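K.L.:
Here you go, sequence then predicted model.
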Amino acid sequence: AREYVNQISKLLQPNTGKFYIGCFSTANPDPWDNPRRISEEYLRDDLFSNGELWEIVSCTDCWWARPPTRGSSKGGAFSLALWVEARC
């Protein structure tokens with residue numbers, strides 16, 4: 001994952017490029033099968049740990065809703081998520 005983030009930085013203009021990423025949060029309760037949950041600490045301390053390259057502008061708790069047309073029979077499924085804005 002870190003290599004992915006490093007490659008993204010090559011596509012962005014230095015000091016003005018922004019990267020947005022959404023991920024499922026570790027705040028979702030067990031049992032949890034899929035997809036992988038990611039903590040804010042992992043995002044800050046590991047994935048975007050290159051402080052010379054990346055600055056996390058915000059990391060916000062939010063809800064993700066699966067559209068009913070994608071397999072939910074009860075109007076959509078909701079999960080806790082993180083929405084991250086990073087700048088390089």
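P.N.:
Nice, thanks for sending it over.

K.L.:
Spit out the contact partners of V57.
P.N.:
K18, E85, A86, R87 (Cβ atoms under 8 Å, 6 or more residues apart in numbering). Quick note: C-beta positions are derived from backbone N, CA and C, even for glycine.

K.L.:
now those as TSV including pLDDT and secondary structure?
P.N.:
Listed next are these as TSV, based on pLDDT from 0 to 100; DSSP: H, G, I helix; E, B strand; the rest coil:
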residue	pLDDT	secondary structure
K18	92	strand
E85	94	strand
A86	92	strand
R87	91	strand
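
K.L.:
In ChimeraX, select just the buried ones from those.
P.N.:
Here is the ChimeraX selection string for the buried members of these, based on 16 or more other Cβ atoms under 10 Å:
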select :86,87
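
K.L.:
So which elements touch the helix ranked longest in the chain?
P.N.:
Counting residues, the longest helix found in the chain (DSSP state H) is helix 2-11. Helices and strands in packing contact with helix 2-11 are listed as strand 18-25; criterion 3 or more Cβ pairs under 8 Å, 6 or more residues apart in numbering; DSSP states H and E.

K.L.:
can I have the strand it packs on written out in PDB, keeping just the CAs?
P.N.:
These are the backbone C-alpha positions of strand 18-25, laid out as PDB (Å, rounded to 0.1, in the frame of the first residue of the first chain):
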ATOM      1  CA  LYS A  18      -4.400  16.600  -3.200                       C
ATOM      2  CA  PHE A  19      -5.300  12.900  -2.900                       C
ATOM      3  CA  TYR A  20      -8.500  11.700  -1.400                       C
ATOM      4  CA  ILE A  21      -9.000   8.200  -0.100                       C
ATOM      5  CA  GLY A  22     -12.000   6.500   1.600                       C
ATOM      6  CA  CYS A  23     -11.600   3.300   3.600                       C
ATOM      7  CA  PHE A  24     -13.500   1.100   6.000                       C
ATOM      8  CA  SER A  25     -12.800   2.000   9.600                       C
END
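
K.L.:
Right, I'll call it a day here.
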